[in-house]
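K.L.:
Show me the folded form of this:
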Amino acid sequence: MEGADFCCDIKAMNKVERERYEVLRERLESAIEETKELESGYAFRLRSGTVSLMEVAEWVEKEHKCCPFFDFEIAVNRNDGPVWLTLRGSEGVKPFMRMEFGVR
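P.N.:
Residues are numbered from 1 along each chain as shown. This next block holds a predicted model:
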């Protein structure tokens, strides 16, 4: 199965952390304004004012606990430019990302 080498560790977060993660994930997903496919992952441009930079960082911290096989990058552009969240990984991670995050 595609993406079979990538598996989230659901035990990495306790119940409270998981609940907060789900709230953050929903906010992040609603903030995605553009998706760019990269060679080893995806970059997401986030709609200004929809999710705070602190919430993005908190989501990354929680996602990293359960999915340590991702590389994360948050880019904050000058002059109130967009915030980009980039997730990358080793070969084969993109099918997992499409399944897990609903990337089209």
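
K.L.:
need the helix or strand of this structure with the lowest average pLDDT.
P.N.:
Ranking every helix and strand in the chain by mean pLDDT, DSSP states H and E puts helix 93-101 at the bottom, with a mean of 86.

K.L.:
Can you pull out the residues in contact with it?
P.N.:
By Cβ atoms under 8 Å, 6 or more residues apart in numbering, the residues outside helix 93-101 that reach it are 2-3, 6, 8, 29, 37, 40-42, 69-70, 87, 89, 103-104. C-beta: built from backbone N, CA, C; applies to glycine.

K.L.:
out of the residues you listed, who's nearest residue 50?
P.N.:
Using Cβ to Cβ, residue 29 is the member of the contacts of helix 93-101 that lies nearest residue 50, at 10.1 Å.

K.L.:
picking up where we left off before, out of the contacts of helix 93-101, grab the one that's most surrounded.
P.N.:
residue 87 (23 neighbours; other Cβ atoms under 10 Å).

K.L.:
Residue 7 versus the residue of the chain positioned farthest from its centre, what's the distance?
P.N.:
Computed with Cα atoms, centre = their mean, the residue of the chain farthest from its C-alpha average is residue 79, at 23.8 Å. Remark: distance between residue 79 and residue 7 (Cβ to Cβ, to the nearest Å) = 41 Å.

K.L.:
do residue 39 as well
P.N.:
As judged by Cβ to Cβ, residue 39 and residue 7 stand 23 Å apart.

K.L.:
Of the two, which one has the most company?
P.N.:
The neighbour comparison of residue 39 against residue 7 (other Cβ under 10 Å) goes to residue 7, with 11 against 7.

K.L.:
angle of the longest helix seen in the chain against helix 93-101?
P.N.:
Determined from DSSP state H, the single longest helix within the chain is helix 15-31. Angle between the axes of helix 15-31 and helix 93-101 is 100 degrees (criterion: axes from the mean of the first three to the mean of the last three Cα atoms, to 10 degrees).
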